[in-house]
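A.B. asks: Task: produce atomic coordinates for the following.
(chains A and B)
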Amino acid sequence: MNLEKVIFGFFVLLAATLNFGFFIGPLNDPDVHNVYELFAAVVVNVVATVLKLGDRTQIGAIHLATSLVASLQLIAAGILWTYATQVSTAGLTPEATASVVSMSAGALFANVVSVVLLVIETVSFQRR
Amino acid sequence: MGNPLLLAWFRLTHEDEGHETKGRITPEALALSRDEAADPASALLLFLRRMRYPLIAIILIFSVSVVGLTLIPKTEPDGTVVRMSLFDAFYVVSYTATTIGFGETPFEFSVAQRLWVTAVIYLSVVGWAYGIGSLLALTQDRSFRRAITRRHVSRKVTHLPEPFHILVGYGNTTRRIARALDDLGRRFVVVDEDESRTSSVDLDDYRADTPALYGNARETRNLVLAGLAHPRCEGVLAMTDDDQTNLDVTMTAALLRPGLPVIALTSSREMAERMRSFDAWFVVNPLDRFGNHLRILARSPAAYQLMSWLTSPPGTELPARRQPLPHGRWVVCGQGRFADEMVRDLQDEHVPVTRVMGGASALARLERSQARERKEPEASGSGPSTVGGPRRVVAPRRGRSRSCTRRTWSRPSPSSRPRTTTRRTCGCSTRPRA
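C.D. replies: Sure, this is the predicted structure:
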């Protein structure tokens, strides 16, 4: 067992699960989307991105690309949430919640691709 | 031709000719050079890989600080409990951890919050120290610096605008060749596996900017990086003091770039044959060459003078003509390839030769025995006789010539093999005769 591989898999999977946890629920209901979960998703996605840096293989490059997409989308979701709660006078309206959650849905898609890549990598390694 | 004016002139006058590529660049060589061209990114990759854990540490310290700050409540004087939003906490941690320190926003902190911020300050200092420390360690790292210099060399070689040679090995011989090439206005790339030598290329102060690659030339990728697959590469000079390396360079050049002129150095006949079988354009055996020069000198000092003048670097004064070699029996002391070559060359010139195995001490023994046997009748012989160990074979003495100087040549190539000297004795010992 390679500890580095464990950490890598852990962060990739945790990024996807946290993202999913934030996304699940009605799109425009602010009560079912916890902002701390969004924060954790951002942090874990950024960590996963950093873990994927410096891999020169083709699959490593795609890994990095998916993580970058997920991180950027989640950071955008965070900025939208900050705008809604701090700047906008209306506060966290259903519309604002919907835009934050749909941003995280986009990130979730990228994270799913990342997990699929991880599985493909593992399966192709086993076949050899 | 490092001079831009000269270069412009060269381009103007030679434009119609274009550059003729020496040899055939095989597809394998092209593929290797493409790989090498992609390789310079390895410095960046190494950087990113080494900075992974410091970056993760900083991210985690930041996030823990932010979450901690939002969780700590503050009770206002009127009894209401307020918490920082995630954004406010991120803002506070950002300016605190980066040592900017705007103060307490958006409201005055409670004691518990101040306690946490104190911890955040020290944690972030630890994070930065780890990050910056790793960064500094990376810049001192051998492999990282090597990757950076390889990148520089690769870029310089790729953009060499003029025809160039690859000099493998940067010893005294190569340094003189490099100087001569530089004087002629030619460009070259140096490859050596000794870092102190490659770094001395900069100090040697050539007119043109000379890329120097630190690496073993037996590795194909190093030769390719030095420009073996470059269309402007004119030739390879394998000049290391290791015959095997020179042979490998010859082979690599012959396989990757058939037809490219290769000049190889070796001190062994078998190695020279192997190099020739790989189409080495020219094989230099310094031991053989020294003997040849001696033969030319023995035949005609004027021819020797002309030859050494023609083969010396441009601008050399006509060297003084040497005295003709004295005639008589020669004694070659020592064993090994150089002595073999000397004996062979002298015999080819029909010079009587005595071979003394065992160096200077054997010569002293020989001289003692000569002095003793001078009283006895002369025993003559024209073929080579061998003196080994305690057995004494006498080199026959000749009439005392006018010039009984003892000449000593040191071997021509710098090498670690046992020193061999060639001396001419004219039958007289160093001690005064009775």
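A.B. asks: okay, now B:Met251: neighbour count?
C.D. replies: As a burial measure, B:Met251 scores 20 neighbours (other Cβ atoms under 10 Å in any protein chain shown). Where you see a C-beta, it was placed from the backbone N, CA and C, and this is true even at glycine.
A.B. asks: In chain A, which residue sits nearest chain B?
C.D. replies: A:Gly54 (3.4 Å; Cβ to the nearest Cβ).
A.B. asks: So that residue: helix, strand or coil?
C.D. replies: In three-state terms, and counting by DSSP: H, G, I helix; E, B strand; the rest coil, A:Gly54 is coil.
A.B. asks: what do you get for A:Thr97?
C.D. replies: Remark: A:Thr97 carries the secondary structure label helix [criterion: three-state DSSP].
A.B. asks: circling back: can you count the residues close to the residue of chain A closest to chain B?
C.D. replies: So A:Gly54, with other Cβ under 10 Å, has 18 neighbours.
A.B. asks: Got phi/psi on it?
C.D. replies: The phi and psi values for A:Gly54, taken as degrees, to the nearest 10, are phi 80, psi 20.
A.B. asks: And for B:Ala212?
C.D. replies: Summarising the backbone geometry of B:Ala212 under the convention degrees, to the nearest 10, its torsions are phi -120, psi 120.
A.B. asks: how close does the residue nearest to B:Ser42 when sequence neighbours are not counted get to chain A?
C.D. replies: When the adjacent residues along the chain are set aside, B:Ser42 lies closest to B:Ala147, with 5.2 Å between them (Cβ to Cβ, 6 or more residues apart in numbering or on different chains). For B:Ala147, the distance to chain A equals 12 Å [Cβ to the nearest Cβ, to the nearest Å].
A.B. asks: re earlier: can you check what pLDDT the model gives the residue of chain A closest to chain B?
C.D. replies: You'll see A:Gly54 listed with a pLDDT of 81.
A.B. asks: Quick check: it touching B:Leu45?
C.D. replies: Yes: judged on Cβ atoms under 8 Å, A:Gly54 makes contact with B:Leu45 at a distance of 4.7 Å.
A.B. asks: Would you point out which residue of the stretch 151-300 of chain B is nearest chain A?
C.D. replies: In the stretch 151-300 of chain B, the residue found nearest to chain A is B:Arg151; the distance is 14.7 Å by Cβ to the nearest Cβ.
A.B. asks: Which helix or which strand is home to that residue?
C.D. replies: helix B:142-158 (DSSP states H and E).
A.B. asks: can you list contacts of that helix?
C.D. replies: Surrounding helix B:142-158, the residues in contact under the criterion Cβ atoms under 8 Å, 6 or more residues apart in numbering or on different chains are B:36-37, B:39-40, B:42-43, B:46-47, B:50, B:138-139, B:189, B:209, B:211-215, B:225-227, B:230.
A.B. asks: What's the ChimeraX syntax to select whichever of those are buried?
C.D. replies: Buried residues among the contacts of helix B:142-158 (16 or more other Cβ atoms under 10 Å in any protein chain shown), as a ChimeraX selection:
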select /B:36,39,40,42,43,46,47,50,138,189,211,212,213,214,215,225,226,227,230
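A.B. asks: among the contacts of helix B:142-158, which are in strands?
C.D. replies: Under the assignment DSSP state E, the contacts of helix B:142-158 contribute B:189, B:212-214 to strands.
A.B. asks: picking up where we left off before, right, and the helix or strand after the helix holding B:Arg151?
C.D. replies: Per DSSP H and E, the first helix or strand lying C-terminal to helix B:142-158 is strand B:164-168.
A.B. asks: who does that following strand pair up with?
C.D. replies: Taking DSSP bridges as the criterion, strand B:164-168 pairs within the sheet with strand B:187-192 (parallel), strand B:233-238 (parallel).
A.B. asks: Could I get the CA-only coordinates of that strand as PDB?
C.D. replies: What follows is strand B:164-168 as a C-alpha-only set of coordinates in PDB (Å, rounded to 0.1, in the frame of the first residue of the first chain):
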ATOM      1  CA  PHE B 164      28.700  24.200 -34.500                       C
ATOM      2  CA  HIS B 165      30.700  21.200 -33.200                       C
ATOM      3  CA  ILE B 166      30.100  19.100 -30.200                       C
ATOM      4  CA  LEU B 167      33.200  18.800 -28.000                       C
ATOM      5  CA  VAL B 168      32.900  15.800 -25.700                       C
END
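A.B. asks: what's in contact with it?
C.D. replies: With Cβ under 8 Å, 6+ apart as the contact definition, strand B:164-168 has outside contacts at B:174, B:177-178, B:181, B:186-192, B:217, B:223, B:226-228, B:230, B:232-240, B:245-246, B:249.
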